[in-house]
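>>> make a model of this:
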Amino acid sequence: MRNFQALTTALDLIEENLTQPVSRQEIARHCCVSLSALEKLFRYALHCSLNEYISKRRISQSAKDLLESDETVTDIAFKYQYQSPEVFNRAFRRVWQTSPTRFRETWTFSGLFPKRKFDYNEGDDLIMSGKKVDLSEAYDFLSQRRGTYVICFDISGLMPINEISRKAGDLAILETAARIDHAATDNMLALRIGGDEFALLTGLNDASTAQAIADKVLADNGKPFSCDGRAIPLTLWAALTTIPEQVLRFDDLFTRMQRVIDQSKR
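Numbering: from 1, shown residues only. This is a model prediction of the structure:
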């Protein structure tokens with residue numbers, strides 16, 4: 001339980017300081033744990049270092065700003081604590097495989113690394129408690145589209161790809177996001193809802209139209225992406241569900257999306 005509290009406190013503090021300087025030591029002190037203990041928690045529960053998590057959250061939020069604001073790349077770079085536009089450009093390109101300027105021209109999806117959400121249930125370990133992500137920013141979108149179709153996507157065989165390298169796994173996630181982003185229209189919202197799972201909130205009431213969008217994404221199944229000169233095939237699962245008509249709870253929607261993803265694999 002103490003580990004759970006330290007981790008959730010750290011995640012909240014990071015969110016509060018995405019545009020402010022904050023050191024790993026400050027975060028550890030705020031959580032009342034040693035830096036080495038906090039690093040072990042992040043590697044165990046999130047499979048990344050503390051610095052890597054902070055960097056990915058800043059890059060994800062900077063991508064959101066690129067799409068939703070008129071701020072210059074330079075202003076966004078300094079806003080998210082990068083020492084120069086050049087440093088920001090390199091960090092951005094490592095995640096998105098493109099420059100911030102080109103990203104602004106070609107993408108509509110930005111949530112590649114959403115904030116992780118930990119819900120503790122008695123008996124859970126940290127990995128089980130952190131299976132979800134924080135989708136609070138999408139609440140209004142979800143509430144206004146109750147009863148409409150959601151396309152749930154899952155990567156087939158991400159674990160073997162991760163075994164090739166962490167870079168290969170990250171590129172598989174990016175390629176998945178790109179395929180969904182290219183099939184979506186401007187009035188849709190794509191979300192990453194888990195390690196290898198995405199949801200496309202279509203706003204559509206017609207199942208056949210939603211299925212056609214899913215089929216457009218799945219048409220690229222088996223198409224490889226490149227990692228360090230190696231061609232790695234990528235295949236996705238997809239299934240449809242709807243946003244509940246009743247009072248909206250994220251847990252209910254997550255459960256429904258997980259269920260249809262599992263059914264699509266059988």
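
>>> so where's this protein shaky on pLDDT?
When residues are selected by pLDDT under 70, those of the chain lie in 1, 119-132, 247-251, 254, 263-266.

>>> rerun at 80
Filtered on pLDDT under 80, the chain yields the residue ranges 1-3, 117-140, 142, 245-266.

>>> so it: which segments form each domain?
Domain assignment for the chain by automatic domain parsing gives 2-106, 135-264.

>>> mind listing the strands for this protein?
For the chain, the strands defined by DSSP state E occupy 116-117, 132-133, 149-155, 189-192, 197-201, 224-227, 230-233, 236-242.

>>> now do the first one: which elements does it pack against?
Contacts defined by 3 or more Cβ pairs under 8 Å, 6 or more residues apart in numbering; DSSP states H and E place strand 116-117 against strand 132-133. Where you see a C-beta, it was placed from the backbone N, CA and C, and this is true even at glycine.

>>> now the residue lying closest to residue 252 once chain neighbours are set aside: how far from residue 255?
Among residues not flanking residue 252 along the chain, residue 244 sits closest, at 5.8 Å (Cβ to Cβ, 6 or more residues apart in numbering). Taking Cβ to Cβ, to the nearest Å as the measure, residue 244 falls 10 Å from residue 255.

>>> more crowded one of those two?
residue 244 (14 against 10; other Cβ atoms under 10 Å).

>>> so the more buried one makes contact with residue 257?
No - checked against Cβ atoms under 8 Å, the pair residue 244 and residue 257 is beyond contact range at 11.0 Å.

>>> what sits in contact with each of those two?
Counting by Cβ atoms under 8 Å, 6 or more residues apart in numbering, no residue touches both residue 244 and residue 257.

>>> buried set for stretch 63-81?
Neighbour-count burial for stretch 63-81, counted by 16 or more other Cβ atoms under 10 Å, picks out 63, 65, 66, 73, 76, 77, 79, 80, 81.

>>> list the contacts for the second one?
Taking Cβ under 8 Å, 6+ apart as the criterion, residue 65 is in contact with 71, 76, 79.

>>> with that, I have no additional questions.
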